[in-house]
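Enquirer: my questions concern the predicted model and sequence given below.
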Amino acid sequence: MTRGSQLIAEFTDAPIVEVIAGVAFDGLPVDAGPYLAVFWHDHLRQRFPNVQQQPTYTPPREVFGQERHAPGFQFEFGQGLPPTRLWASNPDGQELIQVQPGWFACNWRKVAEDSEYDHWPKRRRALSERFSEFADFLENEGLGTVKLTQCEVTYVNHVRPNSLWATHADAAKIFNVTFPSDPTTTLEQISTEVQVALSRDGRQWGRMYIKINPAFAQDGRTPLYVLELTVRGPAHEVGGDLEPVTTFMDKAREAIVRTFLAITSADMQSKVWGGRNERSNE
């Protein structure tokens, strides 16, 4: 475990509002919507009774090296039934399963002010167990074996006002950013997107996307900053079965932790999100 993992585990009031762990895969026909409904009915309904239909999600394909500028793939939807993405959530709405031809994900969502994030090991385990169940179902139904193609981990944070900051203009108190000092100008807010290559031993294994955007709470008045950190990478870099994919996701999560610590201010970390959490291995 990295030092970054230890530090993030000490935050008792971290601003996490959603965590997504997902995989893209090939091998399931795009008109397999009825099978998704059967999978929910037979395998998820008792634990995830709330079901919705959503527009499909097309995960951007991450390519590296000489292929970097090649166009990303799109799922090809031919004739037949329209594609479907099912959302199945548990009774309190905090846990969500997303499933469609080519994409499977498990989400944790902060649905109430007193909701507490259940920590990364449980998120990783949820994806492993639910996707294995899904893959077994497909094989038993004679639909073949899915081939994992890509992994994705996303953390969404809502940074709310506190004793250190009150308006969007206080961005430098939240994030490690500097601005030109000019008495004729006044910072009002920041909005930025950054793309980072992730490498190990001279080889790129993933790509991180950092987004910081100003927003307002549901009351329409309280300012907040949305900090979104996403890491994606090809599944073939770590193998085709799920166990090494979760290893990739552990690396992705550690990269997200390190980046969170690097771009947020020391005062926010120690004075706002501080306080020891004994579950430091989470």
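Expert: Yes, it's here.

Enquirer: the strand or helix carrying Leu36 packs against which elements?
Expert: Per DSSP states H and E: Leu36 is located in helix 33-39. For helix 33-39, the packing partners by 3 or more C-beta pairs under 8 Å, 6 or more residues apart in numbering; DSSP states H and E come out as strand 95-100, helix 120-140. Where C-beta positions appear, they are placed from N, C-alpha and C, glycine not excepted.

Enquirer: between those, which has the poorest mean confidence score?
Expert: Across the helices and strands packed on helix 33-39, the stretch with the lowest average pLDDT is helix 120-140; it has a mean of 93.

Enquirer: okay, the angle between the helix or strand that comes right after that one and helix 120-140?
Expert: Of the helices and strands lying after helix 120-140 in sequence (DSSP H and E), the nearest is strand 147-159. Orientation check (axes from the mean of the first three to the mean of the last three C-alpha atoms, to 10 degrees): strand 147-159 against helix 120-140 gives 150 degrees.

Enquirer: where exactly do the helices run in the protein?
Expert: 3-9, 33-39, 120-140, 171-174, 242-263, 266-267 (DSSP state H).

Enquirer: can you redo these as TSV with distance to Tyr57?
Expert: Shown next, in TSV, are the helices of the chain (distance: least, C-beta to C-beta, whole Å):
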stretch	distance to Tyr57
helix 3-9	27
helix 33-39	14
helix 120-140	16
helix 171-174	30
helix 242-263	18
helix 266-267	36
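
Enquirer: can you add distance to Val17 and mean neighbour count and give those helices back as TSV?
Expert: Formatted as TSV, these follow (distance: least, C-beta to C-beta, whole Å; neighbours: other C-beta atoms under 10 Å):
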stretch	distance to Val17	mean neighbour count
helix 3-9	15	17
helix 33-39	27	17
helix 120-140	14	17
helix 171-174	16	18
helix 242-263	14	19
helix 266-267	21	12
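
Enquirer: Leu96: which of those helices is closest?
Expert: Minimum separation from Leu96 across the helices of the chain (C-beta to C-beta) falls at helix 120-140, 10.0 Å.

Enquirer: the inter-axis angle of that closest one versus strand 95-100?
Expert: Going by the same axes, to 10 degrees, helix 120-140 makes 40 degrees with strand 95-100.

Enquirer: ok now helix 120-140, how far from the chain's centre?
Expert: Centroid separation for helix 120-140 versus its chain: 16 Å, with C-alpha atoms, centre = their mean, to the nearest Å.

Enquirer: for the stretch 51-200 of the chain, which residues score under the pLDDT cut-off?
Expert: Scanning the stretch 51-200 of the chain for pLDDT under 70 picks out 66-83.

Enquirer: swap the cut-off to 50 and go again
Expert: Counting by pLDDT under 50, the stretch 51-200 of the chain shows low-confidence ranges at 69-81.

Enquirer: of all the helices of the chain, which one is nearest Thr222?
Expert: For Thr222, the closest of the helices of the chain is helix 171-174, at 14.6 Å, according to C-beta to C-beta.

Enquirer: CA atoms only for that closest one, dumped as CSV, please.
Expert: Listed next in CSV are the C-alpha coordinates belonging to helix 171-174 (Å, rounded to 0.1, in the frame of the first residue of the first chain):
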residue,chain,number,x,y,z
ALA,A,171,-10.3,28.4,-5.4
ALA,A,172,-6.7,28.8,-4.4
LYS,A,173,-7.6,27.9,-0.8
ILE,A,174,-9.0,24.6,-2.1
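
Enquirer: show me the contact partners of it.
Expert: 159, 164-165, 177-179, 187, 189-190, 225, 264-265, 267-268 (C-beta atoms under 8 Å, 6 or more residues apart in numbering).

Enquirer: for stretch 176-192, buried residues please.
Expert: Buried positions in stretch 176-192, judged by neighbour count with 16 or more other C-beta atoms under 10 Å: Ile190.

Enquirer: now do that stretch: distance to the chain's middle.
Expert: 29 Å.
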